[in-house]
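Asks: here are the coordinates; sequence isn't available:
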């Protein structure tokens, strides 16, 4: 009886205060969650995987030994992906990360993924983490770990400086400002581990490059990369 009453209250609340789609702001219909059916069907999936070469891989050629890179969605300046990532990062909608991670993780697990020993999200500096209250990549990365049946390590990397956003910087200046920006957690062992680094949106790859370089002195480590989205060049 209590469960039925709670459901009635929830239904009434949904009618009075309908949830909006994070992609287009339209009201969500019954059964829809976070994104309306139209936006979900229009999400630009990259269809990248860990078996075939893709444009994300070429970002790191000659820069850092990331064995294979993958990204879930294409990011454009005006579009659904930009809207949902904005809500995830700046509007306290952390559940969007879990939603995307569940979807992405299911796809990866069905396409012969590499063996991953540990999944590590790109960290925020402790000051930014305190201000935002969460790392926007965490729930996405946790869901990927669940699907790959592997270990998730929130604190595998440490960000040493509280840097400003680098969206407007070109590749060289991003690379220069990211040098020695991250370090591996000295209390953990990464020797001979296969590690998947996870971030939100990749443009030049400078952040992931800096994270990968933090493992330069770790013996036998293999680095893979995954992002929620990659900036479309078209």
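Replies: Perfect, I can see it now. Note that the structure is a prediction, hence the values are computed from the model and not measured.
Asks: ok, now which ones touch the residue most central in space within the chain?
Replies: Residue closest to the average C-alpha location in the chain (CA atoms, centre = their mean): residue 200, at 3.6 Å. Applying CB atoms under 8 Å, 6 or more residues apart in numbering, one finds that residue 200 lies in contact with 85, 88, 89, 122, 136, 137, 140, 227, 228, 229. The way it works is simple: take the backbone N, C-alpha and C, and place the C-beta from them, glycine included.
Asks: got JSON lines for those, with pLDDT too?
Replies: Formatted as JSON lines, the contacts of residue 200 follow (pLDDT from 0 to 100):
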{"residue": "85", "pLDDT": "96"}
{"residue": "88", "pLDDT": "96"}
{"residue": "89", "pLDDT": "95"}
{"residue": "122", "pLDDT": "98"}
{"residue": "136", "pLDDT": "97"}
{"residue": "137", "pLDDT": "98"}
{"residue": "140", "pLDDT": "98"}
{"residue": "227", "pLDDT": "98"}
{"residue": "228", "pLDDT": "98"}
{"residue": "229", "pLDDT": "98"}
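Asks: give me phi/psi at residue 147?
Replies: phi -70, psi -30 (degrees, to the nearest 10).
Asks: leaving out chain neighbours, which residue sits closest to the residue nearest to the centre of the chain?
Replies: Among residues not flanking residue 200 along the chain, residue 228 sits closest, at 5.0 Å (CB to CB, 6 or more residues apart in numbering).
Asks: ok, whichever strand or helix holds that neighbour: who's next to it in the sheet?
Replies: For residue 228, the element it lies in under DSSP states H and E is strand 222-231. Partner strands for strand 222-231, per DSSP bridges, with pairing direction: strand 66-75 (parallel), strand 194-202 (parallel).
Asks: which one of those strands lies nearest to residue 158?
Replies: strand 194-202 (13.6 Å; CB to CB).
Asks: tell me what the helix or strand just after that closest one is packed against?
Replies: Per DSSP H and E, strand 194-202 leads on to helix 206-213 as the next helix or strand towards the C-terminus. Packing partners of helix 206-213 (3 or more CB pairs under 8 Å, 6 or more residues apart in numbering; DSSP states H and E): strand 66-75, helix 171-178, strand 182-184, strand 194-202, strand 222-231.
Asks: pick out the shakiest of the ones you listed, pLDDT-wise.
Replies: The weakest mean pLDDT among these belongs to helix 171-178, with a mean of 50.
Asks: one step back: I'd like the contacts of residue 200 written out as TSV, with distance to residue 113 and neighbour count added.
Replies: As requested, these are arranged in TSV below (distance: CB to CB, whole Å; neighbours: other CB atoms under 10 Å):
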residue	distance to residue 113	neighbour count
85	23	22
88	24	24
89	26	18
122	20	21
136	23	22
137	18	25
140	16	30
227	15	29
228	17	26
229	19	25
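Asks: between those residues, which is closest to residue 109?
Replies: In terms of CB to CB, no member of the contacts of residue 200 lies closer to residue 109 than residue 140, at 14.5 Å.
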